[in-house]
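Colleague: Predicted coordinates and the sequence they were generated for:
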Amino acid sequence: MYKLEGQHNVKKDMQKRLIKTVDYLVVGAGSAGCVLANRLSKSHSVCVIEAGKKDINRLDSWTLQMPAALTYSVADARYNWDYHTNSQPGLNNRLLHQPRGKVLGGSSSINAMVYVRGHPEDYERWEKEQGVKGWGYKNVLPYFKKAQTFDGRGESDEEKKDNKYRGRDGPLQVTSYARGTRTNELFDALEQSGLDAGYKYTHDTNGYNQEGFGPFDMTIDKKSGVRCSAATAYLHPAMNDPKRDLEVKTSTLCRRVIFEQGRAVGIECEDTTTGEVFEMRAKKEVILSLGAVGSPHLLMLSGVGDQKELQKHGIHHNVLHNPHVGANLQDHLEVYLQYLSKLPVSLYPVAAWTIRHLHKRVAVGAQWFLNGSGIGASNQFETGAFFRSDAGIKHPDVQIHFIPGCVVGQLDFLPQHGFQLHVGTLRPTSRGSITLASSNPKIAPIIDPQFLTTEKDIRDMRNAVRLSDELVQQPAFAKYKSDRFAPSHKQVSSDIARASDEEIDSWVRSSSHSAYHLSCTCAMGKVVNEEGLVTGLQGLRVVDASIMPSMTSGNLNAPTIMLAEKIADAIQGVQLPPQENAPYYVDEQWETKQR
């Protein structure tokens, strides 16, 4: 399966100007790359290469720092690769938006800041079912805690004193909003609707019990009200430490990995400002942290992948044949259930661009700029839910992100009061791929998630829609809920509970969006080993969401930071933290009951 085919033309490589040689080259300053830069530069020379721009000290950098301004950066091509999928047969042949961070911090600088570790059973699955040793829940929990400082909002004194799940002194600032401190009353209504419908309340979806309705954690610094990206948490402190031998090169595109006799020795780069092509060399390792799109893309451009496919694009410097590179692509799919509100309590006056309410929007911005507080300091995903869509499912397979407003498409707010539930299934069975569109590194690869191409995925999404609409029919929403905005009554009959399967399936195909959780394209056990080393090569490692063997149940930023922390220790050979056998909740009646 892993066949070493040859090597690059070394003589040609040496004709490029050599800029610098360091111990470790980290390619990509996203979530994982920032962690590695911080941890490795404590005792080694490190250079981080990033195609994007700096995230601070720019006139528009406030759009990356203000939590409530998250839609700006998702739509801003200056900080975003702005990818799209190819035509998706399961979604009426639509092309879906796939923004990826192109800035220091990567996607952690433009994401929705929702901090979700996934369910403990995800990591048990990795180790037991997929054979990835050392990645069980007892192994990864210490690294989740190592990475995090939780501010304790909403915790009792007893919880603060003895908590088996939360970290207290890590770089990543994580907070949450307890009842009585939230920025909108609709968040409390969502929680209560779950209780009305017979679900449980959970005060910590990242602790003992993920299953239920409760506050969502977010990567926001409570004191400053600023987004805590991986760059803020890890990279900038290291860059500002005069004792570190760390260089960060921005606006630098990596064209390919340079190999000599089966060993990665450097990177061919291009300065996107001047157009100069040059080399960077690594004495110890080249580490790819470009994400689920970028890492397999660069591997294929470098001659690592399915050789027949690479040769179709004129890539004949065969380094390693492995057809798993770029395969196994997984992503979460979501639909937005939207309802208008009878009461004027939503984000509409401050979120939509209307002359009538412009002064309110300005006031929110001023409050945040002056003291980092108010609506601007929230990502507006303060509560949510995890639940099981049917009996026989061991742990939650549906996630709801709730927002007190209605978003048209994915970026613009409806100029009316309303609220929406982002409804998505967590463990889809559809599998896609990342493949080359060209040997030109400036041309994006083909992103093909193959959404809703299995009957199970179609059925699970349909069940999730019905169960989520049920929540809005509970007494907690009675004083708020007005007309349903999406799906429209033309798309689905007035009562979703009695709508046909065909109506719901048709709406999902025409209206669903990616949750931007691309992963698994350089999977452990198929492309890399349990420590991220590329199987069949030397001196080359991949550390990012692409090495997950399967998706975790929730947002992927927290698991990505965790795995980077874990592999950073493996790279340096430091003593691993003791395993932590913390208990976690699984409903005793999961085999026979949905709730």
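Modeller: Cool, the structure landed.
Colleague: residue contacts, the nearest residue to residue 568 once chain neighbours are set aside?
Modeller: Beyond its immediate neighbours in the sequence, the residue positioned closest to residue 568 (CB to CB, 6 or more residues apart in numbering) is residue 39, lying 3.8 Å away. Backbone N, C-alpha and C define where each C-beta goes, glycine included. Going by CB atoms under 8 Å, 6 or more residues apart in numbering, residue 39 touches 565, 568, 569, 572.
Colleague: List just the nearest of the residues you listed to residue 180.
Modeller: residue 565 (33.5 Å; CB to CB).
Colleague: neighbours around residue 402, how many?
Modeller: By other CB atoms under 10 Å, the residues close to residue 402 number 26.
Colleague: what about burial for the contacts of residue 39, which qualify?
Modeller: 565, 568, 569 (16 or more other CB atoms under 10 Å).
Colleague: Return the subset of the contacts of residue 39 lying in helices.
Modeller: Among these, the members found in helices (DSSP state H) are 565, 568, 569, 572.
Colleague: Residue 541 belongs to a helix, doesn't it?
Modeller: No - with DSSP: H, G, I helix; E, B strand; the rest coil as the criterion, residue 541 is assigned strand and is not in a helix.
Colleague: That one and residue 222, how far apart?
Modeller: 34 Å (CB to CB, to the nearest Å).
Colleague: So for these two, which sits in the more crowded spot?
Modeller: With neighbours defined as other CB under 10 Å, residue 541 and residue 222 compare such that residue 541 has more, 24 against 20.
Colleague: Check what pLDDT the more buried one gets.
Modeller: Residue 541 carries a pLDDT score of 98 in this model.
Colleague: With residue 12 instead?
Modeller: 46.
Colleague: for residue 72, same thing?
Modeller: For residue 72, pLDDT reads 85.
Colleague: separation between it and residue 166?
Modeller: For residue 72 relative to residue 166 (CB to CB), the value is 30 Å.
Colleague: Give me the more crowded residue out of those two.
Modeller: Set residue 72 next to residue 166 and count neighbours by other CB under 10 Å: residue 166 wins out with 21 against 16.
Colleague: Now do the contacts for that one.
Modeller: If you count contacts by CB under 8 Å, 6+ apart, then residue 166 has 145, 148, 150, 204, 206, 207 around it.
Colleague: any idea which helix or strand carries it?
Modeller: Per DSSP states H and E: residue 166 is located in neither a helix nor a strand.
Colleague: Could you check how far it is from residue 22?
Modeller: From residue 166 to residue 22 the distance is 35 Å (CB to CB).
Colleague: rewinding a little: closest to residue 472 among the contacts of residue 39?
Modeller: Scanning these for proximity to residue 472, where the rule is CB to CB, the winner is residue 565, at 39.1 Å.
Colleague: Please name the nearest non-neighbouring residue to that closest one.
Modeller: Residue 565's closest residue in space is residue 143 (CB to CB, 6+ apart), at 4.4 Å.
Colleague: Pull the contacting residues for that neighbour.
Modeller: 562, 563, 565, 566, 577.
Colleague: related to what we said a few turns ago, tabulate the contacts of residue 166 in CSV, adding columns for neighbour count and distance to residue 553.
Modeller: Below are these laid out as CSV (neighbours: other CB atoms under 10 Å; distance: CB to CB, whole Å):
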residue, neighbour count, distance to residue 553
145, 23, 19
148, 27, 19
150, 25, 20
204, 20, 15
206, 23, 12
207, 19, 15
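Colleague: All good on my end, thank you.
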